[in-house]
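Student: Attaching a predicted model along with its sequence, questions to come.
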Amino acid sequence: MRICVAGEGAPDRWATRPAMSLGEVDSTQIEARRLADGGAPEGTVVRAEHQTRGRGRLGREWIDERGSALLISIILRPAGEVVRLPQLSLVAGVGVAEGLTEASGLPVTVAWPNDLLIRGLKVAGILAESFPGPGGAGTVVILGIGINVNQTRFAGHLEERATSLAREAGRPFDRERLLAVVLERLESWYRRWAAEGFEPVREAWRRGSATLGQRVAIGQGVEGIAEDLAEDGALLVRTEAGALVRRVATGPAP
Ligand code: BTN
């Protein structure tokens, strides 16, 4: 294990704190959970060069090419009602999209619930897993973010669905700088959400959304047109039968 500084800037921001930087790990989510159980503070970042059991939403695998991606998990200890926690995936989506756009100049959009897209192809994914805090007090959220940075080829069916910043821009990116910008934007949006509530996030998400107005499948056999994002962060989908169905973003930890 090597301890390093993830970025530079204002003191006591996530981007300037020492990150746990690992060569290879099963999943940064597991390592971050272990640190959180041991009392690590909010904003602690775990990153890895390669994961052997990277996980995505709904029990899917998250596959990376060693040394090409940004694979990070961040410990959060949000205050307030548990009911607001599903909004965190959307807060993260807005923050990471803004950071990637700022650092790369590429137009990154957000797709409900947790994808970041360029030209409709997935460039990054977000996984928010929540657990009861120590002694059952409060909630710990491990926010996992996988960003395809310098990978230029993808295996099998991913070739048509995924992309990377390097593939889109035709040049490699400095992952340290990207990480610093993404953490900075993410933390800003997280603090804004904590202070002002969901409405500013909702507005930003609607502006940068690749989902609204599109046909979507939201599980349990429900399909329809994504009509809006509700005030609490649920996606509102209009089915062909005319019903308006709500769907909330995240599920519980595995
Ligand atoms: C998804 O799109 O389904 C979410 C993917 C999240 C992947 C990241 S990579 C870093 C962190 N560690 C993991 O095992 N998963 C998340």
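Tutor: Looks like it arrived, so ask away.
Student: Confirm that Ala194 sits in a helix.
Tutor: Yes. Counting by DSSP: H, G, I helix; E, B strand; the rest coil, Ala194 is part of a helix.
Student: so where's this protein shaky on pLDDT?
Tutor: The chain contains residues with pLDDT under 70 at 1-11, 83, 250-254.
Student: and with 80 instead?
Tutor: Within the chain, the stretches with pLDDT under 80 are 1-11, 81-83, 134-137, 249-254.
Student: interface residues of the stretch 51-200 of the chain facing the ligand?
Tutor: Residues of the stretch 51-200 of the chain lying close to the ligand (C-beta under 6 Å from any ligand atom) are 51, 54-57, 60, 62, 71-73, 114-115, 125-127, 144-146. C-beta coordinates here come from the backbone N, C-alpha and C atoms, glycine included.
Student: now Leu58, what's its secondary structure?
Tutor: Secondary structure for Leu58, judged by three-state DSSP, is helix.
Student: Against Gly125, how distant is it?
Tutor: Computed with C-beta to C-beta, to the nearest Å, the distance linking Leu58 and Gly125 is 11 Å.
Student: Now tell me what touches stretch 75-89 from outside.
Tutor: Contacts with stretch 75-89, where a contact means C-beta atoms under 8 Å, 6 or more residues apart in numbering, come from 32, 35-36, 40-44, 113-114, 126, 128, 130, 133, 138-143, 190, 193-194, 198, 201, 232-234, 248-250.
Student: ok, now stretch 94-106?
Tutor: Here stretch 94-106 makes contact (C-beta under 8 Å, 6+ apart) with 107-110, 116, 118, 123-124, 126, 145, 147, 165, 168-169, 173, 177-178, 181-190, 201, 204-205, 208.
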